[in-house]
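Chemist: The sequence and its predicted three-dimensional model are supplied below.
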Amino acid sequence: MTKDPQKLYQYAKKRIPGGTQLLSKRPEMMLPDIWPNYYKKAKGAEVWGLDGKKYIDMTHNGVGSCILGFADPDVNKAVKKAVDLGTMSTLNCPEEVELSDILCEIHPWADMVRYARTGGEAMAVAIRIARAKTGKDKIAFCGYHGWHDWYIAANLNSDDALEGHSIGGLSPIGVPKALKGTAFPFHYNKIDELKKILEENKGGMAAIAMEPIRNIKPEPGFIEAVKELARQHNAILIFDEITAAWRVNEGGYHLNFNVAPDIAVFGKAMSNGYPMAAVIGRKEVMEAAQNTFISSTYWSEKIGPTAAIATIEKCRKLNVPKHLAAAGEKVIDGWEKAGEATGVDIKVSGKDVVPSLAHFNFNYKNAQAVKTLFTQLMLDRGYLSNNGYYATYAHTDKIIEKYLETVEEAFAGLKKHIEANEVEEKLRGEVAHMGFQRLN
Ligand SMILES: Cc1ncc(COP(=O)(O)O)c(C=O)c1O
C-alpha cells in the first residue's frame, strides 16, 4: 500500500464511499490535497504521518475524544491488561457494573445505566427509551446528536432544519419519509421556539433532547425553563453530554448548573480514544429499556468500560478539567494577542462558555479561504491546526506557548497575503469544504 497520503486518500475514495468514516476527518474539511490524511502513530499531543513526519495536534484532538492526550499511558495500561485477560467471552464483564456505579455516584440523580460504543448510537438508545417510556413518538432537540434516522428526520420537514444545529447540508435521503414530522429543532436560549413546538405537537412529544452547552452561554433560567416544559408536557428530558462532559468538571456539564435531566448521554472523552458511550438515567425512565429491544454484541466487550474507568479515575486524580480550562483560556488569549499584534481580524469564542472547546472566526469576506491558508501556513510549520482547539491534558504550557508563537508568525504571513489580495493564489490546494457534500 502506498505511503503517499494523497494517493492513499484518492484510492480510499474508490473503496470507501465518502473517503473516511467521519465527516470531520475528511481532509477536505481541513486542507484539501495537502493535509497529511493518515497517521501511523499518535502519542500525547504528537501525531506522526505515514512518511514519519511529526506534527503537534492543536485541532480537535480526535474530535474531542482524547482529553488526556493520545495513547495515554495509564489508560493504555488498563486496556492492555484487559486485552490479555480476554476482551470478550460468553459471560459478561464486571467492569460494566463498576462503571455504572461510578457514573451514578458522580451523577446522584441517576440510578441506572446502559451502554453503547458511539455517541450517535447512545443517543438513539436514549430516544428509544424515551419513546418506550412515554408511548409517544416526537422529539424536540437542540444541537448535534449524530447520524441516526430519528435526528436527520428533522430535514424531512424543511430543506435544512439542521443548519445551525450541526453541519449544514445534511440530506435526509435514505431516512424513511414516514418519519416526517417527528423531529423538531429549537435554538439554544430560544425558549419560545420550544414552547411553540410543544404547543403545536401537544400530547405527542416523547422527549426534549439537547446539548446542555456548546458554544453559547445559557441565559439565566433557560435550562430550568426547558426542564419545566418537559415536565408540563410529560416529555423525557435528555442531556446530550457527548462533547460537553468531562471538560469543566468530573462528569456531565449539567452538574454545573444543577438541573437534573431524566437521561444524560456520554461518549467521546469518557474513554479517551477507546469506543465507549453511556446512557444514564432515573430508574422510572431507564426501566423502560426492559420493555423494548436494545441489545448489541460488542456493547458487552471489556475494553470500553475498562478505558472509561481508567480515564475517569485519572481525570479525578489530576483535576484534568482544571488543566483543560486553563489550556483553552491560554490559547484563546494567545489568538487574540496574535490578532492584535499582526492586524489579522478575528473573533474568538468559547472563553466564557467552555474554554476547552475554543474557536475563532476570520472576519473576512473570503474567510473560508483565509482559514484554509492559515491551516496551510501552520502545517508548513509542523502543526495540525485550524480555527478550533479542543484542549487536552497533554498540552503543556511549553507546547501551548510554542504553538502561540507559531500562530503569530503564521498570522503575520497571512496578513501580508490578505493585504496583497493573494490568499486563494497562495493555496497549494482547494479551499476547505464547509459542511457536508458529496466528494466524487
Ligand atoms: C453533542 C454530540 N452528540 C452526538 C455526537 C455523535 O457522536 P458520535 O460521533 O460518537 O456518533 C457528537 C459528535 O460529535 C456530539 O458532539
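Modeler: Nice, thanks for sending it over. Residues are numbered from 1 along each chain as shown.
Chemist: give me the number of residues near the closest residue to Arg26 other than its chain neighbours?
Modeler: Closest residue to Arg26 apart from its sequence neighbours, by CB to CB, 6 or more residues apart in numbering: Thr20 at 5.3 Å. For every residue, glycine as well, the C-beta is placed using N, CA and C. Other residues within reach of Thr20, judged by other CB atoms under 10 Å, total 18.
Chemist: how near is the residue in the chain that the ligand sits nearest to to Ala82?
Modeler: Closest approach of the chain to the ligand (CB to the nearest ligand atom) occurs at Gly119, with a separation of 2.3 Å. Distance, Gly119 to Ala82, by CB to CB, to the nearest Å: 22 Å.
Chemist: More neighbours: those two, which one.
Modeler: Between Gly119 and Ala82, counted using other CB under 10 Å, the more crowded position is Gly119 (27 against 22).
Chemist: Can you name the residues that contact the spatially closest residue to Ala183 that is not a sequence neighbour?
Modeler: Leaving aside its sequence neighbours, Ala183 sits nearest to Ala154 (CB to CB, 6+ apart; 4.0 Å). Each residue near Ala154 by CB atoms under 8 Å, 6 or more residues apart in numbering is listed here: 141, 161-162, 165, 172, 183-185.
Chemist: Just to be sure, which of those residues are found in strands?
Modeler: 141, 183-185 (DSSP state E).
Chemist: quick revisit: can you tell me the SS state at the residue nearest to Arg26?
Modeler: With DSSP: H, G, I helix; E, B strand; the rest coil as the basis, Thr20 sits in coil.
Chemist: Hmm, it is touching Ala12, no?
Modeler: Yes. Using CB atoms under 8 Å, Thr20 makes contact with Ala12 at a distance of 7.4 Å.
Chemist: and Val265, what element?
Modeler: strand 263-266 (DSSP states H and E).
Chemist: which neighbours does that strand have in its sheet, and in what orientation?
Modeler: With DSSP bridges as the test, strand 263-266 is paired with strand 236-240 (parallel), strand 277-281 (antiparallel).
Chemist: outside of the last one, which residues touch it?
Modeler: In this case it means strand 277-281. Outside strand 277-281, the residues that touch it by CB under 8 Å, 6+ apart are 99-100, 103-104, 107, 110-119, 121-122, 125-126, 129, 242, 261-267, 270, 286, 304, 308.
Chemist: Pull out the buried members of these.
Modeler: 99-100, 103-104, 107, 110-119, 121-122, 125-126, 129, 242, 261-267, 270, 286, 304, 308 (16 or more other CB atoms under 10 Å).
Chemist: So what does Lys330 have for phi and psi?
Modeler: The phi and psi values for Lys330, taken as degrees, to the nearest 10, are phi -60, psi -40.
Chemist: List the contacts of the closest residue to it other than its chain neighbours.
Modeler: When the adjacent residues along the chain are set aside, Lys330 lies closest to Ile400, with 5.3 Å between them (CB to CB, 6+ apart). By CB under 8 Å, 6+ apart, Ile400 lies in contact with 327, 330-331, 334.
Chemist: Then His60?
Modeler: By CB under 8 Å, 6+ apart, His60 lies in contact with 24, 388-390.
Chemist: hmm, try it at 7 Å
Modeler: Applying CB atoms under 7 Å, 6 or more residues apart in numbering to His60 gives the contacts 24, 388, 390.
Chemist: Using a markdown table, lay out those together with pLDDT.
Modeler: Listed next are those as a markdown table, based on pLDDT from 0 to 100:
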| residue | pLDDT |
| --- | --- |
| Ser24 | 93 |
| Gly388 | 96 |
| Tyr390 | 97 |
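Chemist: now the residues you listed: which count as buried?
Modeler: Neighbour-count burial (16+ other CB under 10 Å) applied to these gives 388, 390.
Chemist: Tell me how many other residues crowd the closest residue to Ser349 other than its chain neighbours.
Modeler: What sits nearest to Ser349 in space, not counting adjacent residues and going by CB to CB, 6+ apart, is His359, at 5.1 Å. Residues lying near His359 (other CB under 10 Å) number 19.
Chemist: what about the strands in the chain?
Modeler: Taking DSSP E as the criterion, the chain carries its strands at 39-43, 46-49, 54-57, 112-116, 138-142, 183-185, 205-210, 236-240, 263-266, 277-281, 346-349, 357-362, 383-384, 388-390.
Chemist: Flag every residue of the stretch 251-400 of the chain that's near the ligand.
Modeler: Within the stretch 251-400 of the chain, the positions near the ligand by CB under 6 Å from any ligand atom are Gly267.
Chemist: can you give me the helices in the stretch 251-400 of the chain?
Modeler: Along the stretch 251-400 of the chain, counting by DSSP state H, counting those that start in this stretch, helices occupy 283-286, 303-318, 320-342, 367-380, 397-419.
Chemist: Can you give the contact residues for the first one?
Modeler: What it means is helix 283-286. Contacting residues not belonging to helix 283-286 are listed as 111-112, 129, 133, 236, 262-263 [CB under 7 Å, 6+ apart].
Chemist: so can I have JSON lines of the residues you listed showing pLDDT?
Modeler: Compiled in JSON lines, those are given as follows (pLDDT from 0 to 100):
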{"residue": "Asp111", "pLDDT": "98"}
{"residue": "Met112", "pLDDT": "98"}
{"residue": "Ile129", "pLDDT": "98"}
{"residue": "Lys133", "pLDDT": "98"}
{"residue": "Ile236", "pLDDT": "98"}
{"residue": "Asp262", "pLDDT": "98"}
{"residue": "Ile263", "pLDDT": "98"}
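Chemist: Would you mind giving these as CSV with distance to Lys426 added?
Modeler: Below are those laid out as CSV (distance: CB to CB, whole Å):
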residue, distance to Lys426
Asp111, 57
Met112, 56
Ile129, 52
Lys133, 56
Ile236, 51
Asp262, 52
Ile263, 49
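Chemist: now Asp240: how far from Val279?
Modeler: Noted for Asp240: a distance of 10 Å to Val279, by CB to CB.
Chemist: shared neighbours of those two, which are they?
Modeler: Common contact partners of Asp240 and Val279 (CB under 7 Å, 6+ apart): Val265.
Chemist: Check the offset of stretch 372-380 from the chain's centre.
Modeler: Its chain's average C-alpha position is 23 Å from that of stretch 372-380, according to CA atoms, centre = their mean, to the nearest Å.
Chemist: Show me which positions of that stretch end up buried.
Modeler: Residues of stretch 372-380 classed as buried under the neighbour-count rule (16+ other CB under 10 Å) are 372-379.
Chemist: again, but for stretch 382-394
Modeler: Of all the residues in stretch 382-394, those buried under the rule 16+ other CB under 10 Å are 383-394.
Chemist: Quick check: of those residues, which lies closest to Glu211?
Modeler: Relative to Glu211, the closest of the buried residues of stretch 382-394 is Tyr390; by CB to CB it sits at 14.9 Å.
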